[in-house]
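Undergrad: when you get a sec, could you give me coordinates for this:
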Amino acid sequence: MARLRFLGTTSDDGDCPTLYEVAGSTDILVQGDRVTDPEQLAQLRDVKDSETFVLVPRELLVRFSPRATAPGMVPFSEIASLFREFKHTAFRLETRRGYASDRNGPKWGRWKSGADISAEPDNAWRENVRAQTAEGKRFERVRLVDQPLTEG
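TA: Below you'll find the model as predicted:
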């Protein structure tokens, strides 16, 4: 079975759409919402019985599709312990125009309207941040920004 390497997502909290690279090949696996609109399906050409179609935002492809062979990304599971075992401050360097924000999702809309989204359902990351900050440790973000500034 070929291993997949996570390339990126434009969604929040693990929802699709997402791009993966198939290890040992030049193939990209695309995860997205399945196309079910009969009018759209009728316009597709040369469809095999084994094929299915998904919709993904153009931004996903622009931001995360490989432009050249890149060194392997370290899976978060291999470095997650660093965010539990640090002594004082953990920095997160963000270099993308938008960072894991699903601008079409309901959470983005709630945030833009001024809602407090800090009470959203817990996940392992939020639980760890809460535990570390309770011990007096700090999480900080360093973000490179573009001009003009982007949302999110």
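
Undergrad: run through this protein and note the low-pLDDT ranges.
TA: Along the chain, segments meeting pLDDT under 70 span 13-15, 66-71, 96-104, 145-152.

Undergrad: where do the helices sit along it?
TA: 38-42, 58-64, 76-79, 82-85, 106-112, 124-134 (DSSP state H).

Undergrad: now render the ones you listed as a markdown table, adding mean neighbour count and distance to residue 94.
TA: C-beta coordinates here come from the backbone N, C-alpha and C atoms, glycine included. Formatted as a markdown table, the helices of the chain follow (neighbours: other C-beta atoms under 10 Å; distance: least, C-beta to C-beta, whole Å):
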| stretch | mean neighbour count | distance to residue 94 |
| --- | --- | --- |
| helix 38-42 | 9 | 35 |
| helix 58-64 | 15 | 13 |
| helix 76-79 | 8 | 15 |
| helix 82-85 | 11 | 15 |
| helix 106-112 | 14 | 17 |
| helix 124-134 | 12 | 15 |
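
Undergrad: so for residue 7, which of these sits nearest?
TA: helix 58-64 (4.7 Å; C-beta to C-beta).
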